[in-house]
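Peer 1: heads up, no residue letters with this:
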């Protein structure tokens, strides 16, 4: 079974199935955004919460921006499906065939980075300039400035989530004994005191 | 090939990821197909000297390189016409040695390649928290400093230089707004806030420094004291200068208060009138040297670089049309006391030269 974690699913973000029509997308977006805005107004805003809410808002904005438009939606879903299939092909390939695996890895790595850049950073920031989105979320240039760094880190977190389950290629697959690691850490900390 | 094994063992022993990668790269002098010669003078820096050959850690690294399976893998990779796949066991050893040598950026990169950086960071924090809970502050601080060193993700956001603490810039941000009221001054915050500000400033990772909030104030104060000691071996020299600056401030106190009132005279006129020494001596005393035509922010940056914690106990002060930095602390706060900044005879520094 192909793994999907890390490949942002905008249908899931809007709690819709992939057959939802643009009307449903808009309606659900407005409902979820209203709920989010109310929650933001209700709680005390700390630095951590600010980052969380801004990221949630950016995700909802990007979801409606893409899914209400047939062209954008199809392109997004096709690229996502292609990536998932490519990852599966690489993971199930015979790892002893280094050349084949390397070719698959290169193709996958380029595509996954491009997908995440486009659909995590670019689209989320682009959506913040859309009239309908601005009206519902009150997204403004200050949000965009703050979100730039936040989304870059979010993109990298998703990349890591994908990377974790991929075969090793730069190093041989390590066998990690966490008890030995804990003992090494203990020894290093003791040695650090000179 | 013995030379290749020795060069690899040296890189592992030194925690040197650059030499390790170079030896296994497509252009490596260790490859038979290469026109470069590892034995030449040019690559002498990659080889161990006699002292290192007898070093226990080097011998362990050499044994690991020569281990049958690992050595076969290295030879195979050096013959293939592509960048080599690093043996994970050797990379792990290199990363551990890098931590031991306080080369945290190298360790972070190596652990990242092994995909265990986050877990290793968590393990250091876990054991540091255990040490703090057991009252071993020194070990706890050491663990937090290693965790901070491993927290930067070089693979995600590659930087031309290692990510180091940028206290110079952070200090200016900390003192970015002129304190209109004394309570706006960083140095005059109440204990709880001041110690948290100090830890956030000195530990450049918000997520890691916020973990310390779980500890009672006395533990955080002890932590801060130990942290300053480990980060700044010359803290004692700053303490001496700080006490001297406090004495100067006290002698200028009366005049500073008068000058801080609205007036028409310039600083030079005021000084001339007073025929006394220049109040800017305070800022020079704090830093320990004069910066030619130096502004307060230049002194602040230099001070933050040399003694990061110093900027937590000073304040901007307008004197005429010139701003200087003066020592400030709350005499009844435990924060300056624990760092040895409260000198009985000059406790008045907290009241002198109000920021208002």
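Peer 2: Perfect, thanks for sending it. Keep in mind the model is a prediction, meaning the values are calculated, not measured. Numbering: from 1, shown residues only, chains lettered A, B, ... in the order given.
Peer 1: which one is residue 80 nearest to, not counting chain neighbours?
Peer 2: Using chain A. Spatial nearest neighbour of residue A:80, excluding adjacent residues (Cβ to Cβ, 6 or more residues apart in numbering or on different chains): residue A:7 at 5.3 Å. For the C-beta atoms, the positions are set from N, CA and C on the backbone; glycine is no exception.
Peer 1: actually chain B
Peer 2: residue A:98 (7.9 Å).
Peer 1: Could you give the backbone dihedrals for that neighbour?
Peer 2: Note on residue A:98: backbone dihedrals following degrees, to the nearest 10 are phi -60, psi -40.
Peer 1: same question, the one 5 residues further on
Peer 2: As for residue A:103, its main-chain torsions (degrees, to the nearest 10) stand at phi -60, psi -40.
Peer 1: quick one: it from residue A:169, how far?
Peer 2: Here the criterion is Cβ to Cβ, to the nearest Å. By it, residue A:103 lies 11 Å from residue A:169.
Peer 1: Verify the stated contact: residue B:64 with residue B:88.
Peer 2: No. Between residue B:64 and residue B:88 there is no contact under Cβ atoms under 8 Å: 11.4 Å.
Peer 1: secondary structure element for the nearest residue to residue B:46 once chain neighbours are set aside?
Peer 2: Of all residues not flanking residue B:46 in the chain, residue B:7 sits nearest, at 4.6 Å (Cβ to Cβ, 6+ apart). Assigned by DSSP states H and E, residue B:7 falls within helix B:2-14.
Peer 1: report the angle between the axes of the helix or strand just after that helix and helix B:2-14?
Peer 2: Helices and strands here follow DSSP H and E; after helix B:2-14, the next one along the chain is helix B:17-24. Orientation check (axes from the mean of the first three to the mean of the last three Cα atoms, to 10 degrees): helix B:17-24 against helix B:2-14 gives 160 degrees.
Peer 1: list the buried ones in stretch A:26-37?
Peer 2: A:26, A:28, A:29, A:30, A:32, A:33, A:36 (16 or more other Cβ atoms under 10 Å in any protein chain shown).
Peer 1: Count the residues that sit near residue 127.
Peer 2: Picked chain A for this. Burial of residue A:127 is recorded as 23 neighbouring residues (other Cβ atoms under 10 Å in any protein chain shown).
Peer 1: sorry, should have said chain B
Peer 2: 22.
Peer 1: buried set for whichever strand or helix holds residue B:301?
Peer 2: Secondary structure assignment for residue B:301, by DSSP H and E: helix B:296-306. Within helix B:296-306, the residues scored as buried using 16+ other Cβ under 10 Å are B:296, B:297, B:299, B:300, B:301, B:302, B:303, B:304, B:306.
Peer 1: how near is the fourth one to residue B:144?
Peer 2: Spelled out, that is residue B:300. 26 Å.
Peer 1: ok, now the third one?
Peer 2: Residue B:299 sits at a distance of 29 Å from residue B:144 (criterion: Cβ to Cβ).
Peer 1: Please apply the same query to residue A:108.
Peer 2: Relative to residue B:144, and taking Cβ to Cβ, residue A:108 is found at 37 Å.
Peer 1: For residue B:204, which residues are in contact?
Peer 2: Counting by Cβ atoms under 8 Å, 6 or more residues apart in numbering or on different chains, residue B:204 makes contact with B:148, B:165, B:166, B:170.
Peer 1: That one - that's part of a strand, no?
Peer 2: No. Assessed with DSSP: H, G, I helix; E, B strand; the rest coil, residue B:204 is coil; it does not lie in a strand.
Peer 1: what number of residues lie near the closest residue to chain A within the stretch 201-350 of chain B?
Peer 2: Relative to chain A, the nearest point of the stretch 201-350 of chain B is residue B:206 (7.4 Å; Cβ to the nearest Cβ). If you count neighbours by other Cβ under 10 Å, residue B:206 ends up with 10.
Peer 1: Correct me if wrong: it contacts residue B:200.
Peer 2: Yes. Applying Cβ under 8 Å as the test, residue B:206 and residue B:200 come out as touching, 6.7 Å apart.
Peer 1: Stretch B:208-219: end-to-end distance?
Peer 2: Across stretch B:208-219, the terminal residues are separated by 16 Å (Cα to Cα, to the nearest Å).
Peer 1: which residues touch that stretch?
Peer 2: Contact partners of stretch B:208-219, identified using Cβ under 8 Å, 6+ apart, comprise B:125, B:129, B:132, B:137, B:144, B:147-148, B:151, B:191-192, B:195-196, B:199-200, B:202-203, B:220, B:223, B:334.
Peer 1: ok, and of the buried residues of helix B:296-306, which contact chain A?
Peer 2: When contact is defined as Cβ under 8 Å from any Cβ of the partner chain, the buried residues of helix B:296-306 do not meet chain A at all.
Peer 1: okay if I get those residues as CSV plus pLDDT?
Peer 2: CSV is the format used below for the buried residues of helix B:296-306 (pLDDT from 0 to 100):
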residue, pLDDT
B:296, 93
B:297, 94
B:299, 95
B:300, 95
B:301, 96
B:302, 95
B:303, 95
B:304, 95
B:306, 95
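Peer 1: I'd like those laid out as CSV, including distance to residue B:18.
Peer 2: Shown next, in CSV, are these (distance: Cβ to Cβ, whole Å):
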residue, distance to residue B:18
B:296, 40
B:297, 36
B:299, 37
B:300, 35
B:301, 30
B:302, 31
B:303, 33
B:304, 30
B:306, 29
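Peer 1: what's the closest of the buried residues of stretch A:26-37 to chain B?
Peer 2: Nearest to chain B out of the buried residues of stretch A:26-37 is residue A:36 (Cβ to the nearest Cβ; 23.8 Å).
Peer 1: does the closest one really touch residue A:56, like I thought?
Peer 2: Yes. Here residue A:36 reaches residue A:56: they are 6.0 Å apart, a contact under Cβ under 8 Å.
Peer 1: Residue numbers of chain B in contact with chain A?
Peer 2: Checking chain B against chain A by Cβ under 8 Å from any Cβ, the hits are B:73, B:80, B:82, B:85-89, B:91-92, B:96, B:99-100, B:102, B:113-116, B:119-120, B:123-124, B:127-128, B:131, B:138-139, B:142-143, B:146, B:153, B:156-157, B:206.
Peer 1: Quick one, which of those residues are buried?
Peer 2: So, of those, B:73, B:85-89, B:91-92, B:96, B:99-100, B:113-116, B:120, B:123-124, B:127-128, B:131, B:138-139, B:142-143, B:146, B:153 end up buried under the neighbour-count rule (16+ other Cβ under 10 Å).
Peer 1: so what does the helix or strand hosting residue A:134 touch, helix or strand wise?
Peer 2: Assigned by DSSP H and E, residue A:134 belongs to helix A:131-137. Here helix A:131-137 touches helix A:22-42, helix A:47-67, going by 3 or more Cβ pairs under 8 Å, 6 or more residues apart in numbering or on different chains; DSSP states H and E.
Peer 1: Can you name the secondary structure element that comes next after that helix?
Peer 2: helix A:141-163.
Peer 1: ok, and what's touching that next one?
Peer 2: Contacts for helix A:141-163 (Cβ under 8 Å, 6+ apart): A:3, A:5-8, A:50-51, A:54-55, A:57-58, A:87, A:112-113, A:116-117, A:120-121, A:124-125, A:128, B:115, B:153, B:156-157.
Peer 1: sorry, back to before: now, which of the buried ones among the residues of chain B next to chain A lie within strands?
Peer 2: Members of those lying in strands (criterion: DSSP state E): none.
Peer 1: Can you flag which of the residues you listed belong to helices?
Peer 2: Counted as lying in helices by DSSP state H, out of these, are B:73, B:88-89, B:91-92, B:96, B:99-100, B:113, B:120, B:123-124, B:127-128, B:131, B:138-139, B:142-143, B:146.
Peer 1: what's the burial count for residue A:190?
Peer 2: Neighbour tally, residue A:190, other Cβ under 10 Å: 12.
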